[in-house]
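Student: Quick one, what's the 3D model for this:
(one chain, ligands or ions: 1)
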Amino acid sequence: MICVSIGRSRHKHMLAEHAHLVEQGAQLVELRLDYISSRVNIQRLLKDRPCATVVTVRREQDGGKYTGSEDARMIMLREAIANGVEYIDLEDDIAGQIPRFGKTKRIISHHNFRNTPDHLRELHAKMKALDADIVKIATMANQPHDNLRILEMMQESDCPTIGMCMGDIGTPSRILGPKFGAPFTYATFHHERALAPGQLSYDQMVNVYRHNKIKPDTAVYGVVADPVGHSLSPQIHNAAFGEAGINAVYVPFRVPFDGLGQFMEDSNRLGIKGLSVTIPHKEAIAKFLTKVDPAVKGIGAVNTVLFKDEEVLGYNTDYKAAIDCLEHALGGAALPGTPSPLHDKKVLVLGAGGVARAVMYGLQRRGAKTTIASRTRSRAQVLADTFGGKCVEWQARHVPTDIVVNCTPVGMHPNVDESPFSKANIKPTMVVFDTVYNPESTLLLKEAASHGCRIVTGVEMFIRQAALQYLLFTGQEAPEGLMRETLKRAIGPVKY
Ligand code: NAP
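Tutor: Okay, the predicted model is just below:
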């Protein structure tokens, strides 16, 4: 179950949001009385409450807004109990001063905004002894391992317990609560109004993470990256799991570069079955794998990991996705025994980073004639030498070519008025492929489309690599249409 926190300065807004949330299906709401800027009228807030309610008056020291006297706060808490509220939130240092009364259940809470302390179990035992119906411990995650510690503390506890890590490193602990026995977890009314660091909105919890469906046996997948907040993979993979009725959730794991080893060690206890891997871990993750597919060896980068029996397997779906997109634009993949439509085609690759590497590997395997240009010439030279292509200076990149592939971020949001290839050099016979997917209609693609070129979008590549990951994760064909629709909704409409 999800408890949605409402923090508004006016009673009428709090009442309106409470009613709205119940219409949206919320079954439990927390009223954060510390947000109310006038004298609090508890009776007005509780009289006709449309669902079970938690009353909380959080002090500044615990991350709230309450700055009044402690006596006045105690009176408010007692008054909420006297009005029969379903749950009252009492911090562990004051819970002993407010006795149990009536049917109100006691949430004994503790907040630590600095770290996730070592002594979680001792802390839990002390809190439980304060006549707790529910123990709630919220701590700051400074490393991904903190998630596992708080989730396991919750799982091993002998009374209902909510353990959550704050901050974006802590997001997995909020999503995975029900897998580890949380009676409920907290979400905010709107994603732009989080009442605690890293809190997700009710809409995200329900519609992206399908939180109400997460159970102890739910399989965990995710993307491991740093930063991870911009990733659209959780939206598309969770939508796909939902459509196929698969008991799995896909989680954003923010893992700093030096935290990858510990994260990989924790993965089994977190219930992780598969991962998408992105910057900065694509190369570094190789040393934690027991087997890799030939593309990983050729490219030197992993974008998918599968935990299967005792094996940790590495794959690269970027290269196949990019090549499939290009072959599709050229009329489809070759029949067995015949050359690829990319064979002998002149292809200009712009950029020399991870995506360019995957593209160059695929183009070499298909027998294309590549020329590569990058801002840093030496990086382009390495790829040309490794994958058998020509290398030209960035300034000399407008060479005659059949196909242009942009593997730089030029044109990506917010720099949408930039293009890596001058429109004066675009010819109607060209195929133009921009791997940038946000926005879908980059300036390069708009100009290419206006010249009558065949175009390939980064969205198409993104969906194909995600669909290949989904196939590896589940053994089933991905609902590509739904994934595409979900991604396009997330990045906005296309305009050519
Ligand atoms: P990367 O490893 O950081 O490489 C970026 C490359 O672009 C480098 O060669 C870099 O040159 C060059 N570059 C950066 N800014 C430039 C500029 N202003 N002008 C000229 N060159 C510039 O990144 P990546 O992982 O390869 O990703 C590249 C792009 O691919 C991303 O921005 C993203 O939009 C897209 N992408 C698409 C998908 C998909 O599925 N569609 C997946 C991943 C990425 P230097 O060496 O000089 O820095």
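Student: all contacts plus neighbour counts: C-alpha atoms, from now on.
Tutor: Fine.
Student: which residue ranges form the helices in the stretch 301-450 of the chain?
Tutor: 317-329, 354-365, 377-387, 443-450 (DSSP state H, counting those that start in this stretch).
Student: Which other helices and strands does the shortest one contact?
Tutor: Yep, that's helix 443-450 we're talking about. Contacts defined by 3 or more C-alpha pairs under 8 Å, 6 or more residues apart in numbering; DSSP states H and E place helix 443-450 against strand 431-434, strand 454-456.
Student: And for the third one?
Tutor: Applying 3+ C-alpha pairs under 8 Å, 6+ apart, we find helix 377-387 packed against helix 354-365, strand 369-374, strand 390-393.
Student: In the longest one, which residues are buried?
Tutor: Just to be clear, that refers to helix 354-365. 354-364 (16 or more other C-alpha atoms under 10 Å).
Student: Which ones among those also lie next to the ligand?
Tutor: When these are checked against the ligand using C-alpha under 6 Å from any ligand atom, the ones in range are 354-356.
Student: Please convert these to JSON lines, extending it with pLDDT and distance to Thr370.
Tutor: What follows is these, written out as JSON lines (pLDDT from 0 to 100; distance: C-alpha to C-alpha, whole Å):
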{"residue": "Gly354", "pLDDT": "90", "distance to Thr370": "16"}
{"residue": "Val355", "pLDDT": "94", "distance to Thr370": "15"}
{"residue": "Ala356", "pLDDT": "96", "distance to Thr370": "11"}
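Student: Gly314: which of those residues is nearest?
Tutor: Gly354 (15.8 Å; C-alpha to C-alpha).
Student: What residue, apart from its backbone neighbours, is nearest that closest one spatially?
Tutor: Ala301 (7.5 Å; C-alpha to C-alpha, 6 or more residues apart in numbering).
Student: residues in contact with the most centrally placed residue in the chain?
Tutor: Centroid-nearest residue in the chain: Pro252, 3.3 Å away (criterion: C-alpha atoms, centre = their mean). Each residue near Pro252 by C-alpha atoms under 8 Å, 6 or more residues apart in numbering is listed here: 171-172, 222-225, 228-229, 231, 234.
Student: switch the cut-off to 10 Å
Tutor: By C-alpha atoms under 10 Å, 6 or more residues apart in numbering, the contact set of Pro252 is 168-172, 175, 221-235, 275-276.
Student: With Thr185 instead?
Tutor: 1-4, 136, 161-164, 173-178, 205, 211.
Student: Who does it form a beta bridge with?
Tutor: Residues in a beta bridge with Thr185, per DSSP bridges, are Ile2.
Student: Report pLDDT for Val494.
Tutor: Looking at Val494, its pLDDT is 60.
Student: same question, His413
Tutor: For His413, pLDDT reads 88.
Student: surely it meets Pro439?
Tutor: Yes: under the criterion of C-alpha atoms under 10 Å, His413 makes contact with Pro439 at 6.2 Å.
Student: Mind listing the shared neighbours of these two?
Tutor: With C-alpha under 10 Å, 6+ apart as the test, His413 and Pro439 both reach Ile491.
Student: Between those two, point out the one with more neighbours.
Tutor: Neighbour comparison, His413 and Pro439: the larger count goes to Pro439, with 22 against 16 (by other C-alpha atoms under 10 Å).
Student: hang on, isn't the more buried one packed against Arg489?
Tutor: No: taking contacts as C-alpha under 10 Å, Pro439 lies outside contact range of Arg489: 11.4 Å.
Student: Tell me where this structure is predicted with low confidence.
Tutor: 191-195, 493-496 (pLDDT under 70).
Student: Domain map for it?
Tutor: Residue ranges for the domains of the chain, per automatic domain parsing: 2-216, 217-315, 320-456.
Student: interface residues of the stretch 301-450 of the chain facing the ligand?
Tutor: Counting by C-alpha under 6 Å from any ligand atom, the stretch 301-450 of the chain sits next to the ligand at 351-356, 374-376, 407-410, 435-437.
Student: Just the buried residues of those residues.
Tutor: Members of those classed as buried by 16+ other C-alpha under 10 Å are 351-352, 354-356, 374, 407-410, 435-437.
Student: Dump those to a markdown table, plus distance to Cys325.
Tutor: Below are these laid out as a markdown table (distance: C-alpha to C-alpha, whole Å):
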| residue | distance to Cys325 |
| --- | --- |
| Gly351 | 18 |
| Ala352 | 19 |
| Gly354 | 18 |
| Val355 | 14 |
| Ala356 | 15 |
| Ser374 | 22 |
| Cys407 | 14 |
| Thr408 | 17 |
| Pro409 | 19 |
| Val410 | 20 |
| Thr435 | 10 |
| Val436 | 14 |
| Tyr437 | 13 |
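Student: quick one: which of the residues you listed is nearest Asp258?
Tutor: Gly354 (19.7 Å).
Student: how near is the closest one to Glu283?
Tutor: 9 Å (C-alpha to C-alpha, to the nearest Å).
Student: what's the overlap in contacts for the two?
Tutor: By C-alpha under 10 Å, 6+ apart, the residues touching both Gly354 and Glu283 are 299-302.
Student: And for Tyr66, the neighbour number?
Tutor: By other C-alpha under 10 Å, neighbour count at Tyr66 equals 20.
Student: again but with Ser109, I slipped
Tutor: Ser109 - counted by other C-alpha under 10 Å - has 25 other residues nearby.
Student: State which helix of the protein is the longest.
Tutor: The single longest helix within the chain, with elements called by DSSP state H, is helix 458-474.
Student: Does Met74 touch Gly96 like I think?
Tutor: No: counting by C-alpha under 10 Å, Gly96 is not a contact partner of Met74; they are 11.7 Å apart.
Student: which neighbours do the two share?
Tutor: Common neighbours of Met74 and Gly96 (C-alpha under 10 Å, 6+ apart) are Leu90.
Student: Can you tell me which of the helices of the stretch 301-450 of the chain is nearest to Ile403?
Tutor: When these are ranked by proximity to Ile403 (C-alpha to C-alpha), helix 317-329 comes first, at 9.0 Å.
Student: Tell me which two of the residues of the stretch 301-450 of the chain next to the ligand sit farthest apart.
Tutor: Thr376 and Tyr437 (22.9 Å).
Student: Let's see which of the contacts of Pro252 end up in helices.
Tutor: Reading helices off the contacts of Pro252 with DSSP H, I get 171-172, 175, 233-235.
Student: and those as CSV, adding neighbour count?
Tutor: Output for the ones in helices among the contacts of Pro252, formatted as CSV (neighbours: other C-alpha atoms under 10 Å):
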residue, neighbour count
Thr171, 24
Pro172, 24
Ile175, 24
Ser233, 21
Pro234, 20
Gln235, 20
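Student: Which members of those additionally contact the ligand?
Tutor: Okay, of the ones in helices among the contacts of Pro252, nothing touches the ligand (C-alpha under 6 Å from any ligand atom).
Student: ok, so of the residues you listed, who is nearest Gly271?
Tutor: Relative to Gly271, the closest of the ones in helices among the contacts of Pro252 is Pro172; by C-alpha to C-alpha it sits at 11.8 Å.
Student: my guess is the closest one meets Gly271, correct?
Tutor: No: between Pro172 and Gly271 there is no contact under C-alpha under 10 Å: 11.8 Å.
Student: how far away is Met127 from Phe387?
Tutor: Noted for Met127: a distance of 61 Å to Phe387, by C-alpha to C-alpha.
Student: higher neighbour count, the two?
Tutor: Met127 (24 against 20).
Student: Following element in sequence after whichever strand or helix holds the more buried one, please.
Tutor: Taking DSSP states H and E as the criterion, Met127 maps to helix 120-128. Counting by DSSP H and E, the next helix or strand C-terminal to helix 120-128 is strand 134-140.
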